[in-house]
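Show me how the following folds:
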Amino acid sequence: VQLQASGGGLVQAGGSLRLSCVASGRSVRDYSMGWFRQAPGKEREYVATIERSGTTTVLNILKGRFSISRDNAKNTVDLQMNSLRPDDTAVYYCAADIVGSNAVYWGQGTQVIVSS
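Here you go, the predicted model:
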């Protein structure tokens, strides 16, 4: 499966962004799909997952602000990010076939910058 992430950009604190990951070659229903992020100088961090069943999981500290969804018709997995904070600044990566804190397939990343 190939993954293409989009939707990143520059946003002011308190704003929202919606990231989208389009999969090609396989259906998004075939894998546990999700998002990770890596801030400058920090390790990669798990953000959210949507299982094949549709069950979603979001990192505890992001619950209430971030949500993940899947559009089977468009073959996409989206990450809705609200009430963004400067410490949400990172490169966000779409991933497929996630097990724990790792994944088999990765997209190229999309940059999110939140200004204060």
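
Which strand runs longest in the protein?
strand 90-99 (DSSP state E).

For that strand, list every residue counted as buried.
Within strand 90-99, the residues scored as buried using 16 or more other Cβ atoms under 10 Å are 90-98. All C-beta spots, glycine's among them, are computed from the backbone N, C-alpha and C.

distance between it and the chain's centre?
Centroid separation for strand 90-99 versus its chain: 6 Å, with Cα atoms, centre = their mean, to the nearest Å.

strands paired with it, and their directions?
Applying DSSP bridges, strand 90-99 is found paired with strand 33-38 (antiparallel), strand 102-106 (antiparallel), strand 110-115 (antiparallel).

Just want the most central residue of this structure.
What sits nearest the mean C-alpha location of the chain, by Cα atoms, centre = their mean, is Trp35, with 2.9 Å.
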